[in-house]
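In: let me see the structure of the following:
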Amino acid sequence: MNERRVVVTGMGCITPIGNDLHTFWESLMAGKNGIGPITKYDTTDYKCKIAAEVKGFDPKLYMEKSQIMHSDLYAQFAMAAAVQAVEDSGLQGTVPADRVGVYVGSGIGGMQTFENEHGKLLFKGPRRVSVYFIPSMIANIAASMIAIRYGFTGPALPAVTACASGSNAIGEALRAVRHGYADAMICGGAEAAVTPMANAGFSNMQALSLSEDPDAASLPFDARRGGFVMGEGAGVLVIEEYEHAKARGAKIYGELCGYGSTNDAYHITAPDPEGNGGARAMADALREAGYTEADRVYVNAHGTGTHLNDKIETLAIKKAFGEEAARRLLISSTKSMTGHMLGAAGAVEAIVCLKALQDGVVPPTIHLLEPDPDCDLDYVPGVARKADINLALSNSLGFGGHNACLTFRKL
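Out: Predicted structure coming up:
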């Protein structure tokens, strides 16, 4: 079967620094910090007291009241981003419904619903648990709700690979279009896990930054880093077969041209200390993209601000590109501004890559003031940088050893 080219024609996002594509991108360019004190619950008894929360989100702009009442916040974020992306693309009505699929993932799914309903069970008894508990909680329901809204009857599923969920959803959607199983896909990730249970769990495994200073908490590649900061939100792309997009005169953000997916098979939370799994995912994505050393490359790093991730990701980048070529790369971690959006991170960071290609500007890694000697590449510290890039790579490295890498090329 001939492989078909795949392009991105629509994008939407809900993030801690903006609830639409324009606001999000402008905030990134300005180096806006979306991290602050947690407002969703009382953090008095919690070690971690800050997060990157979505602000001012109004689900009524995207959903009916009854649907809002019976859905988890993660699914509401996903629906909002999907509506933005579909409207942006102008896709609806141009492709038969059975040729459009929906792959939207989540690392955790309806965590807020789970905690709320578990509280009812404990304090009010089993009869008080909502009849909507299960369909609100399950990690596939965002993809299902989006498919139902638009009547898209092609393939639909979630990717549930922890922090790599959004990237895996996009990568598998690429393969569905590339190999002819669909002509267009709605794909991305969503998460809403700024909750008491998630806070306690991540804190107790020593994964979170315990800083109470929003400007000294999410510190990718900095020697002061001490853990990640939880974020929330959603990112959704519309991808479609290139000739179809061109024929209908669609706006094209760039070509989705490569995907690598590997597993470290090493540890449930720690990355392979040699970085081999991440390096192979990058190498696979670069090979599919037709990468050469003449390409001018931006890498949106996974860059969580944990001690192990940033050191090992740097090593993996050097292995994938070679030491000399790695030193010519422009690399940044936008988690310094958005926090770690978990299952939504890869999708939102794919949007970052496409906008960087479109505008010729690379977003910064803010608050990178004390470089770690083990992290010795160009991480674009402090401020955005103009750059004539033609290829962008997005890394997502998840608990369980899941590695996903996406490549995008400027058209």
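
In: contacts and neighbour counts: CA atoms only from here.
Out: Fine.

In: residue ranges with poor pLDDT in the chain?
Out: 1 (pLDDT under 70).

In: domain ranges for it?
Out: What the record gives for the chain is the domain set 6-247, 258-409, from automatic domain parsing.

In: elements contacting the helix or strand hosting V104?
Out: Assigned by DSSP states H and E, V104 belongs to strand 100-105. For strand 100-105, the elements it packs on are helix 141-150, strand 156-157, helix 165-178, strand 184-191, judged by 3 or more Cα pairs under 8 Å, 6 or more residues apart in numbering; DSSP states H and E.

In: the helix or strand that that strand is followed by to strand 184-191, inter-axis angle?
Out: Proceeding N to C from strand 100-105, the next assigned helix or strand is helix 111-124, under DSSP H and E. For helix 111-124 against strand 184-191, the angle by axes from the mean of the first three to the mean of the last three Cα atoms, to 10 degrees is 50 degrees.

In: list the helices and strands helix 111-124 packs on?
Out: If you count contacts as 3+ Cα pairs under 8 Å, 6+ apart, helix 111-124 packs onto helix 133-137.

In: now with 10 Å, please.
Out: helix 73-89, helix 133-137, helix 196-204 (3 or more Cα pairs under 10 Å, 6 or more residues apart in numbering; DSSP states H and E).

In: that one versus helix 196-204: what angle between them?
Out: 110 degrees.

In: got the contact list for helix 111-124?
Out: Outside of helix 111-124, the residues within contact range by Cα atoms under 10 Å, 6 or more residues apart in numbering are 70-74, 125-130, 132-139, 191-198.

In: if we go to 7 Å?
Out: D72, R128, V129, S130, F133, S136, M137, A193, T195 (Cα atoms under 7 Å, 6 or more residues apart in numbering).

In: what angle sits between that helix and helix 73-89?
Out: 150 degrees.

In: so how far is helix 111-124 from its chain's centroid?
Out: Chain-centre distance of helix 111-124: 27 Å, with Cα atoms, centre = their mean, to the nearest Å.

In: deepest-packed of the helices and strands packed on helix 111-124, please.
Out: For the helices and strands packed on helix 111-124, the largest average neighbour count (mean count of other Cα atoms under 10 Å) is found in helix 73-89, namely a mean of 26.

In: quick one: list the elements packing against that helix.
Out: In terms of contacts (3 or more Cα pairs under 7 Å, 6 or more residues apart in numbering; DSSP states H and E), helix 73-89 is packed against strand 6-14, helix 141-150, strand 184-191, strand 233-241.

In: relative to A169, which of the helices and strands packed on helix 111-124 is closest?
Out: helix 73-89 (12.9 Å; Cα to Cα).

In: just the CA atoms of the closest one, as CSV, please.
Out: Extracted in CSV, the C-alpha atoms of helix 73-89 (Å, rounded to 0.1, in the frame of the first residue of the first chain):
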residue,chain,number,x,y,z
LEU,A,73,-13.7,18.0,33.4
TYR,A,74,-11.1,16.2,31.3
ALA,A,75,-13.8,15.4,28.7
GLN,A,76,-15.0,19.0,28.8
PHE,A,77,-11.5,20.2,28.1
ALA,A,78,-11.2,17.7,25.2
MET,A,79,-14.5,18.7,23.7
ALA,A,80,-13.6,22.4,23.8
ALA,A,81,-10.3,21.8,22.1
ALA,A,82,-11.9,19.5,19.5
VAL,A,83,-14.6,22.1,18.7
GLN,A,84,-12.0,24.7,18.2
ALA,A,85,-9.9,22.4,16.0
VAL,A,86,-12.8,21.2,13.8
GLU,A,87,-14.0,24.8,13.3
ASP,A,88,-10.4,25.9,12.5
SER,A,89,-10.0,23.2,9.9
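
In: what does it contact?
Out: Contacts of helix 73-89 from elsewhere in the structure, counted by Cα under 7 Å, 6+ apart, are 9-14, 59, 62, 92, 109-110, 142, 146, 189-192, 233-238, 250.

In: 8 Å instead, please
Out: Contacts to helix 73-89, defined as Cα atoms under 8 Å, 6 or more residues apart in numbering, come from residues 9-14, 20, 59, 61-63, 68, 92, 104, 109-110, 112, 141-142, 145-146, 186, 189-192, 233-238, 250-251.

In: for stretch 360-380, same thing?
Out: 28-29, 31, 215-216, 219-224, 298, 310-311, 314, 326-337, 356, 381-389.

In: sorry, back to before: out of the helices and strands packed on strand 100-105, deepest packed?
Out: Burial of the helices and strands packed on strand 100-105 is given as mean neighbour count (mean count of other Cα under 10 Å); strand 184-191 ranks first at a mean of 35.

In: give me the angle between that one and strand 233-241.
Out: 170 degrees.

In: give me the distance between D183 and I239.
Out: For D183, the distance to I239 (Cα to Cα, to the nearest Å) stands at 9 Å.

In: ok, D264 next?
Out: 28 Å.

In: can you check G166 too?
Out: Taken as Cα to Cα, the span from G166 to I239 is 14 Å.

In: shared neighbours, the two?
Out: Common neighbours of G166 and I239 (Cα under 8 Å, 6+ apart) are C187.

In: okay, the helices and strands packed on strand 100-105 in TSV with distance to P371 next?
Out: As requested, the helices and strands packed on strand 100-105 are arranged in TSV below (distance: least, Cα to Cα, whole Å):
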stretch	distance to P371
helix 141-150	39
strand 156-157	40
helix 165-178	28
strand 184-191	30
